[in-house]
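Undergrad: What follows is a predicted structure for the sequence shown.
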Amino acid sequence: KSIRRGRQVNNFFEFSASGVRLRLDSFSESSEHRLASCMDLKVMNFFLSESISSLRPKKMLGEWVNEVEHPRDTNDGMIMMKMVSMHPTCMFSADGKLMSDESRVKLELLPLRCHLEQNALRFIRLFFSSDDEREEPGGVINDAESGVLDSSSSSEVINSEVFFELFKVKPLKVKVNYRPVTIDSQGLRDGNYVELLNLFSLEDIELTLQSLEMTDIAGWGFVLSEMACRFIEDICATQMHKFLSGAAPFHSISNIGVGVADLFLIPVHQYKTEGKVMKGVRKATSKFGETVAVETLNATSKLAQYVAKKLNKVSSRTPKAMGVVSLPARPEKVPCRVSDTAGHAYESVSRGLQSASYTLVVATRREYKKNGTTGAINSVVRAIPVAILAPLSGASEALSYTLLGVRNQIRPDIRKEEEARQIGLL
């Protein structure tokens with residue numbers, strides 16, 4: 001009997017929106033104007049989360065919170081769109097089709113924060129590729145897909161796609177993190193150079209997408225496709241260097257390099273605006289010191305966390321690892337200061353010591369009762385790796401999390417950005 005595979009309910013994408021406000025004004029036909037409708041849409045908050053790359057849902061797309069660089073007005077929505085539709089000047093085209101209304105749209109988005117995972121992007125690509133396989137051979141698009149409705153009972157053909165006479169998109173700021181899992185070496189050899197992005201993780205890449213104006217385009221699908229193509233072309237032409245500076249091995253070096261440049265640029269700017277050099281020097285020195293401190297804390301915290309995971313993994317595979325306790329999961333709440341890290345740090349160190357004491361004391365005592373002094377000595381010798389690695393693993397995790405609290409205390413803006421990633425998920 002064949003077993004039917006059920007849907008994996010734990011793997012999902014979730015789109016959440018709140019504060020949706022829609023106003024739609026419709027106008028009756030008149031010889032004095034061509035107005036058909038006016039629509040004003042505002043979405044105060046939205047985010048896209050996924051559970052493909054981890055057991056707990058993660059925000060894939062949401063608001064980029066930064067009160068210093070771009071403070072948000074209370075009346076601003078994350079999506080703000082105004083659409084004015086007018087009746088066409090000519091109701092029928094040359095081939096007898098009934099023309100749709102002509103629309104003019106202005107779209108504005110608040111700065112967005114993206115946390116992309118390779119597994120999630122791969123899932124999206126495979127999910128939509130299954131639909132592409134069901135297309136007609138030769139890439140021929142049928143009438144329904146082209147926005148034309150055909151009816152055997154009527155000779156009148158209606159173009160159902162929305163026609164955009166003008167579609168404006170205001171400039172948009174995006175901050176991107178990307179974590180790859182594997183690299184397709186065969187695809188890279190075949191000339192797919194996009195795979196180079198999978199060599200290293202990308203951290204805190206800040207992209208500025210320029211304003212767009214699209215004219216005489218039909219259908220929301222074509223609008224989104226054209227928008228994506230133009231944004232990608234702009235990024236490839238003007239901002240590709242940010243992907244190199246944002247790669248994990250160079251990210252901290254790049255930030256420190258920017259701080260070094262500010263040591264000279266800030267005093268010059270201060271002299272040109274206020275005629276005071278020393279004020280600019282003090283400001284630049286303070287900013288450079290803060291940048292070096294934050295990058296050092298970031299790098300050390302990530303290194304300590306990596307060491308903790310590797311040591312815990314190695315100690316759990318040793319022959320005497322029956323009593324090894326895994327490291328505790330990090331709290332979901334972001335630590336605001338050093339004191340907030342005490343609980344997790346204490347638990348991490350405790351578990352490491354607990355694993356060491358179990359292998360040295362409890363396991364040795366059992367061997368002594370079972371095989372005598374010789375068995376106890378052999379047990380102690382075999383338990384030495386666990387007794388060393390387990391406490392080191394716990395101490396490394398405690399150090400990593402404590403440094404994270406120190407960084408958040410120095411830079412509250414980073415903490416608020418990380419807290420925004422948890423809003424709506426907890």
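TA: All right, it came through fine. Numbering: from 1, shown residues only.

Undergrad: Can you show me the strands along the protein?
TA: 13-26, 35-50, 58-63, 79-86, 97-98, 102-109, 112-117, 148-149, 157-159, 163-169, 172-179, 202-209, 212-218 (DSSP state E).

Undergrad: looking at this structure, which helix or strand is least sure?
TA: strand 148-149 (a mean of 40; mean pLDDT, DSSP states H and E).

Undergrad: Just give me the neighbour total for the nearest residue to Arg113 once chain neighbours are set aside.
TA: Closest residue to Arg113 apart from its sequence neighbours, by Cβ to Cβ, 6 or more residues apart in numbering: Trp64 at 4.0 Å. Yep, even glycine has a C-beta here, placed from its N, CA and C like the rest. Neighbourhood size, Trp64 [other Cβ atoms under 10 Å]: 20.

Undergrad: Can you pull up the most central residue in the protein?
TA: His115 (1.2 Å; Cα atoms, centre = their mean).

Undergrad: does that one really touch Gln422, like I thought?
TA: No - with contact defined as Cβ atoms under 8 Å, His115 does not count as touching Gln422 (11.7 Å).

Undergrad: who touches both of those two?
TA: Lys59 (Cβ atoms under 8 Å, 6 or more residues apart in numbering).

Undergrad: before we move on, the earlier item: roughly how far does the residue nearest to Arg113 sit from Val277?
TA: Distance of Trp64 to Val277, given as Cβ to Cβ, to the nearest Å: 34 Å.

Undergrad: Lys370 now?
TA: The gap separating Lys370 from Val277 is 79 Å, by Cβ to Cβ.

Undergrad: got the residue ranges for the helices in the stretch 151-300 of the chain?
TA: Listed in chain order, the helices of the stretch 151-300 of the chain (DSSP state H, counting those that start in this stretch) span 185-189, 220-238, 241-245, 248-274, 277-316.

Undergrad: Same list, these, but as a markdown table with mean pLDDT and mean neighbour count please.
TA: Listed next are those as a markdown table, based on pLDDT from 0 to 100; neighbours: other Cβ atoms under 10 Å:
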| stretch | mean pLDDT | mean neighbour count |
| --- | --- | --- |
| helix 185-189 | 78 | 11 |
| helix 220-238 | 88 | 13 |
| helix 241-245 | 85 | 15 |
| helix 248-274 | 85 | 15 |
| helix 277-316 | 87 | 17 |
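
Undergrad: so which of those helices gets nearest Phe163?
TA: helix 220-238 (10.5 Å; Cβ to Cβ).

Undergrad: How about the contacts made by the closest residue to Ser51 other than its chain neighbours?
TA: Closest residue to Ser51 apart from its sequence neighbours, by Cβ to Cβ, 6+ apart: Pro57 at 4.7 Å. Pro57 is in contact with 14, 49-51, 425, counting by Cβ under 8 Å, 6+ apart.

Undergrad: Then Cys38?
TA: Counting by Cβ under 8 Å, 6+ apart, Cys38 makes contact with 24-25, 27, 82-85.

Undergrad: Show me the one in those that has more neighbours than the rest.
TA: Ser85 (22 neighbours).

Undergrad: Quick check: that residue touching Phe163?
TA: No - using Cβ under 8 Å, Ser85 is not in contact with Phe163; the gap is 9.3 Å.
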